[in-house]
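Enquirer: give me the fold of what follows.
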Amino acid sequence: MARPWRLRHKLVLGLALVVGSVALLLGGALFGLSSYLETMQTTQRKLREMQIVVQLRDHIQKIASAVQAPRADGASAPDQKMSDAVQEARRTLAGYRATLESDPFRGRFDPDGGEGEAALINRMESALGRLEDAVARVNAPQVLTAANPQGGKTRLGDDPDVQRAYDDLARYANDLFLILISDIEESFKRSEANHRRSLTVAGFATALAIVLVLTLLYYFRVWVFAPIKELQAGVHRVHEGNFDHPIRLGSQDELEELANEFNAMTARLREVYKDLARQVNERTRQLVRSERMVSVGFLAAGVAHEINNPLASIAFCAEALERRLQDLLARAPGESEVVLKYLRMMQDEAQRCKQITQKLLDFSRSGGKREPAELTHLVRDVIEVAQCLPNARGKRIEFRPEGPVVAPVSVPDVKGVVLNLVVNALDSMVEGGLLTVSLAARGEFAEVTFADTGCGMTPDVLENLFEPFFSRSRTGNGTGLGLSVSHQVIDAHGGTITAASPGPGRGSTFTVRLPLTGAEARHETRDTRHESTGGDRPSVVPFPVARTAA
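Expert: I've put the predicted structure just below:
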């Protein structure tokens with residue numbers, strides 16, 4: 001599997017390509033500039049040599065004039081003119097030789113390395129020497145007498161040695177001039193070839209640079225611009241609250257890792273938002289339920305106080321009538337049984353109504369003093385009592401504590417809550433059912449879970465489960481106040497009680513959470529509001545066990 005390219009490797013590659021393209025362009029420019037400089041140097045050097053050759057040809061022309069000039073008997077003017085021209089020619093050749101030897105680029109621009117010019121200079125110096133020797137021989141007295149015994153005019157060029165030396169000198173000078181012309185032409189050809197090569201290199205470098213730039217632009221868009229744009233779009237979606245579209249990148253570099261981390265963060269944030277929304281909804285329902293139950297508590301307290309006295313009067317009158325009518329009913333045996341039956345029914349129903357109003361009073365009252373209690377022992381004691389109830393026959397209760405848990409609670413109130421939830425779970429199950437009670441410390445709360453395998457609940461039942469007088473008991477018994485009172489007790493302790501069920505016939509789970517430390521300012525405020533309504537309140541209230549199915 002090929003190793004993925006990191007973003008820094010891609011950027012280094014891009015930088016290398018840019019540097020390479022710039023180097024190619026710079027190399028092409030430098031090559032063309034060097035070719036131009038080479039041509040200029042060659043041309044300047046050859047021009048200097050050409051000037052020297054021109055001077056040398058002027059001196060040779062003077063020698064030619066002296067050679068062709070007529071001479072009178074004993075005349076020495078042409079000889080002096082030739083001697084001066086020969087000396088000038090020698091000095092010019094010496095300067096030309098010094099120029100060649102001092103040239104640092106000698107042999108770099110000439111095909112023969114300057115050997116042709118040096119050889120011609122040597123030959124020209126040799127020709128000048130032969131010319132001087134021939135002139136000296138011609139000017140000797142015996143030669144003059146023999147050549148012109150009559151004393152008539154003659155020319156130095158008439159001497160074959162002089163003419164031959166002069167012809168050689170002129171030919172060598174012309175050859176030197178032609179060599180210089182050839183070198184200049186060769187230099188121009190070489191410069192033209194270098195120019196074409198520099199144009200080729202520059203064109204190739206330009207084309208390659210354009211291709212590299214276009215390639216870099218494409219890969220920059222693929223490697224950097226497009227991923228950054230996708231990241232920006234993903235951040236914008238998250239900013240708008242859309243957590244359902246993760247960022248998809250396939251660059252296999254740091255940007256993809258950043259996108260993956262951002263997706264993970266978005267997923268966690270989505271879960272946090274969902275959990276927060278669920279908690280807000282749950283807390284809102286609990287708040288509405290608590291406020292509703294406070295209002296119901298106020299109403300229940302008032303109604304209970306108002307109804308208790310009439311109910312007590314009805315029960316007292318029924319008892320008094322029963323005692324007074326015993327003598328009269330003895331005279332009418334056929335009617336006595338019916339009358340006594342109705343009187344006892346009135347007494348029973350009045351007592352039953354009084355019990356209901358007493359529960360309403362209990363519903364509106366707070367619990368007793370709260371002290372640190374070992375919840376493991378508390379729950380175990382309640383379970384041992386519940387196992388002796390008639391509705392526990394054929395059903396199992398398992399208690400699974402994770403360790404000792406101590407919390408500040410009102411022991412009678414919390415025992416009543418545990419007993420109520422256990423009895424509700426037992427009533428919701430048939431024989432063979434299982435109730436599992438778990439106890440553990442979760443952060444700052446003690447958590448007691450009641451999971452049964454009973455009849456379960458529908459969503460609408462879960463919604464109204466803790467409402468006063470709401471009952472869906474499988475046995476048909478109960479007043480519907482047990483879970484409401486349980487909710488009030490747990491809420492007064494600063495905790496929560498929640499219910500959950502997968503559906504009918506799939507069991508139910510109740511979770512009670514009690515704080516491990518006591519902080520109940522808002523409940524003290526609520527107690528103050530209760531006390532402002534008046535009424536007698538016992539310090540410890542008997543807890544009603546409502547057989548309301550979970």
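
Enquirer: report the buried residues of stretch 408-421.
Expert: Neighbour-count burial for stretch 408-421 flags 408-411, 413-421 (criterion: 16 or more other CB atoms under 10 Å). No exception for glycine: its C-beta is placed from N, CA and C like everyone else's.

Enquirer: just the ones of those residues in helices?
Expert: Val411, Asp413, Val414, Lys415, Gly416, Val417, Val418, Leu419, Asn420, Leu421 (DSSP state H).

Enquirer: reformat the residues you listed as JSON lines; add pLDDT.
Expert: Output for these, formatted as JSON lines (pLDDT from 0 to 100):
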{"residue": "Val411", "pLDDT": "85"}
{"residue": "Asp413", "pLDDT": "85"}
{"residue": "Val414", "pLDDT": "89"}
{"residue": "Lys415", "pLDDT": "87"}
{"residue": "Gly416", "pLDDT": "84"}
{"residue": "Val417", "pLDDT": "89"}
{"residue": "Val418", "pLDDT": "90"}
{"residue": "Leu419", "pLDDT": "88"}
{"residue": "Asn420", "pLDDT": "87"}
{"residue": "Leu421", "pLDDT": "90"}
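
Enquirer: please compute how far stretch 397-417 lies from its chain's middle.
Expert: With CA atoms, centre = their mean, to the nearest Å as the basis, stretch 397-417 stands 49 Å off its chain's centre.

Enquirer: which one of the ones in helices among the buried residues of stretch 408-421 is nearest to Arg8?
Expert: Set against Arg8, the nearest of those by CB to CB is Leu421 (62.1 Å).

Enquirer: my read: the closest one touches Ser486, true?
Expert: Yes. Shown here, Leu421 and Ser486 form a contact pair, counting by CB atoms under 8 Å, at 6.9 Å.

Enquirer: and which of the ones in helices among the buried residues of stretch 408-421 is nearest Asp253?
Expert: Nearest to Asp253, judged by CB to CB, of those is Leu421 at 57.0 Å.

Enquirer: where do the strands sit along the stretch 401-550 of the chain?
Expert: Per DSSP state E, counting those that start in this stretch, the stretch 401-550 of the chain carries strands over the ranges 406-409, 434-442, 445-452, 496-500, 508-515.

Enquirer: to Arg248, which of these lies closest?
Expert: It's strand 496-500; of the strands of the stretch 401-550 of the chain, that one is closest to Arg248 (CB to CB) at 36.5 Å.

Enquirer: the helix or strand where Arg123 lies packs against which elements?
Expert: Secondary structure from DSSP states H and E places Arg123 in helix 115-138. Counting contacts by 3 or more CB pairs under 8 Å, 6 or more residues apart in numbering; DSSP states H and E, helix 115-138 packs against helix 7-68, helix 77-102, helix 141-147, helix 160-220.

Enquirer: of these, which is nearest Gln279?
Expert: Among those, helix 7-68 sits nearest to Gln279 (CB to CB), with 40.3 Å.

Enquirer: now for that closest one, which elements pack on it?
Expert: helix 77-102, helix 115-138, helix 160-220, helix 254-331.

Enquirer: got the angle for the shortest one vs helix 77-102?
Expert: In this case it means helix 115-138. Put simply, helix 115-138 runs at 160 degrees to helix 77-102, going by axes from the mean of the first three to the mean of the last three CA atoms, to 10 degrees.

Enquirer: run through who's touching helix 115-138.
Expert: 49, 56, 63, 79, 82-83, 86, 89-90, 93, 96-97, 100, 110, 143-144, 147, 156, 159, 161-162, 164-166, 168-169, 172-173, 175-176, 179-180 (CB atoms under 8 Å, 6 or more residues apart in numbering).

Enquirer: what's the closest of the buried residues of stretch 408-421 to Thr496?
Expert: Of the buried residues of stretch 408-421, the one sitting nearest to Thr496 (CB to CB) turns out to be Val417, at 12.1 Å.

Enquirer: hang on, the earlier thing: tell me the one among the buried residues of stretch 408-421 nearest to Gln387.
Expert: Leu419 (11.6 Å).

Enquirer: ok, the closest one touching Val382?
Expert: Yes. Leu419 lies in contact with Val382 (CB under 8 Å); the separation is 5.1 Å.

Enquirer: related to what we said a few turns ago, of the contacts of helix 115-138, grab the buried ones for ChimeraX.
Expert: Command for ChimeraX that selects the buried part of the contacts of helix 115-138, burial taken from 16+ other CB under 10 Å:
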select :49,56,63,79,82,83,86,89,90,93,96,97,100,110,144,156,159,162,165,166,168,169,172,173,175,176,179,180
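
Enquirer: and the residue nearest to Ala312 when sequence neighbours are not counted, what element?
Expert: Closest residue in space to Ala312, ignoring its immediate chain neighbours: Lys354 at 7.1 Å, by CB to CB, 6 or more residues apart in numbering. Lys354 is part of helix 333-363 when elements are defined by DSSP H and E.

Enquirer: that helix: what's the following helix or strand?
Expert: By DSSP H and E, the next helix or strand past helix 333-363 is strand 371-374.

Enquirer: in the helix or strand just after that next one, which residues are buried?
Expert: Per DSSP H and E, the first helix or strand lying C-terminal to strand 371-374 is helix 375-386. The neighbour-count check on helix 375-386 (16+ other CB under 10 Å) flags Leu375, Thr376, Leu378, Val379, Arg380, Val382, Ile383, Ala386 as buried.

Enquirer: what's the closest of these to Gly443?
Expert: Out of those, the member with the shortest distance to Gly443 (by CB to CB) is Leu375, at 15.3 Å.

Enquirer: care to break this structure down by domain?
Expert: Domain ranges of the chain: 7-220, 274-364, 368-550, per automatic domain parsing.

Enquirer: among the ones you listed, which is the most enclosed?
Expert: Of the domains of the chain, the one with the most neighbours on average (mean count of other CB atoms under 10 Å) is domain 368-550, at a mean of 18.

Enquirer: picking up where we left off before, ok, of the buried residues of helix 375-386, which one's closest to Pro515?
Expert: Checking these against Pro515 with CB to CB, the nearest one is Leu375 at 11.9 Å.

Enquirer: look up the closest residue to that closest one, ignoring the ones flanking it.
Expert: In space, and not counting its chain neighbours, Leu375 is closest to Val405: 4.6 Å by CB to CB, 6+ apart.

Enquirer: ok, that neighbour touching Arg442?
Expert: No. Assessed by CB under 8 Å, Val405 is found out of contact with Arg442, at 9.8 Å.

Enquirer: any residues in contact with both of the two?
Expert: What both Val405 and Arg442 touch, as defined by CB under 8 Å, 6+ apart, is an empty set.

Enquirer: now Ala205: how far from Ser34?
Expert: Plainly put, Ala205 is 15 Å away from Ser34 if you go by CB to CB, to the nearest Å.

Enquirer: actually Ser102, sorry about that
Expert: Going from Ser102 to Ser34 by CB to CB gives 23 Å.

Enquirer: and if you look at Arg221?
Expert: For Arg221, the distance to Ser34 - CB to CB - is 38 Å.

Enquirer: show the pLDDT at Arg474.
Expert: Looking at Arg474, its pLDDT stands at 54.

Enquirer: so where's the stretch 451-550 of the chain uncertain?
Expert: Along the stretch 451-550 of the chain, segments meeting pLDDT under 70 span 468-481, 518-550.

Enquirer: any regions of the stretch 201-350 of the chain where pLDDT drops low?
Expert: Checking the stretch 201-350 of the chain against pLDDT under 70 turns up 251-252, 284-306, 327-335.

Enquirer: quick one: Gly28 and Arg197 touch, right?
Expert: No. With contact defined as CB under 8 Å, Gly28 does not count as touching Arg197 (9.5 Å).

Enquirer: thought Thr453 was touching Met429?
Expert: Yes. At 6.0 Å, Thr453 and Met429 qualify as touching, with contact defined as CB under 8 Å.

Enquirer: overlap of the contact sets of these two?
Expert: Leu435.

Enquirer: skipping its backbone neighbours, what lies nearest Val411 in space?
Expert: In this structure, Val411 finds its nearest non-sequential neighbour in Ala373, 5.3 Å apart by CB to CB, 6+ apart.
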